[in-house]
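Let's see this in three dimensions:
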Amino acid sequence: MEVSTLKRINNELLRLQFCPKLSGYKYLRDSVAILLGDRRLFNLKKDVYPLLSVKYKVSPQCIDKCINTVIEKSFLNISTTLLEDELEYLVSADKGKPTVKQLIMYLYEKVG
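Numbering: from 1, shown residues only. Modelled structure (predicted):
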């Protein structure tokens, strides 16, 4: 992974008020970086999570759960201005947060 790519992803996640102390943060960041690095990979659970599980020595299910947790916590604390201005189309009306895939695709488009 290229350092400048990781830095751009980090900057975007911090701008969206994601907490870098949570393990889901690095899994989310690395998921986007993997997809940007190899555009043939597009299935998170079959392609990306297994790569991360080898790197971090955790199960793909753990990666999925941690990413969901970091999204949930971040969207509880996100500023309403940011939510209304940029992310309104991402947030599901019934859940109040995007799905993992929606957020990763948003970051992929924004950073890539």
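
remind me which residues of the protein are low pLDDT?
Residues of the chain meeting the criterion pLDDT under 70: 1, 92-93.

In contact with the residue nearest the centre of it: list those residues for me.
For the chain, the residue nearest the mean C-alpha position is residue 28 (3.5 Å; CA atoms, centre = their mean). Applying CB atoms under 8 Å, 6 or more residues apart in numbering, we find residue 28 in contact with 13, 18, 67, 70, 71, 103, 104, 107. C-beta: built from backbone N, CA, C; applies to glycine.

and residue 19, what helix or strand is that in?
Following DSSP states H and E, one finds residue 19 outside all helices and strands.

My read is that it contacts residue 74, right?
Yes. Using CB atoms under 8 Å, residue 19 is in contact with residue 74, at 6.6 Å.

which of the two has more neighbours?
Each of residue 19 and residue 74 has its neighbours counted (other CB atoms under 10 Å); residue 74 has more, 20 against 13.

With adjacent residues omitted, what lies nearest to the more buried one?
residue 18 (4.6 Å; CB to CB, 6 or more residues apart in numbering).

Report how many residues lie close to the one you found.
Using other CB under 10 Å, residue 18 is surrounded by 23 other residues.

Could you measure from it over to residue 101?
16 Å (CB to CB, to the nearest Å).

contact partners of stretch 82-90?
16, 17, 75, 78, 91, 98, 102, 103, 106.

which one is residue 96 nearest to, not counting chain neighbours?
Per CB to CB, 6+ apart, closest to residue 96 is residue 75, 6.3 Å.

Helix or strand: which one has the one you found?
Using DSSP H and E, the element containing residue 75 is helix 60-77.
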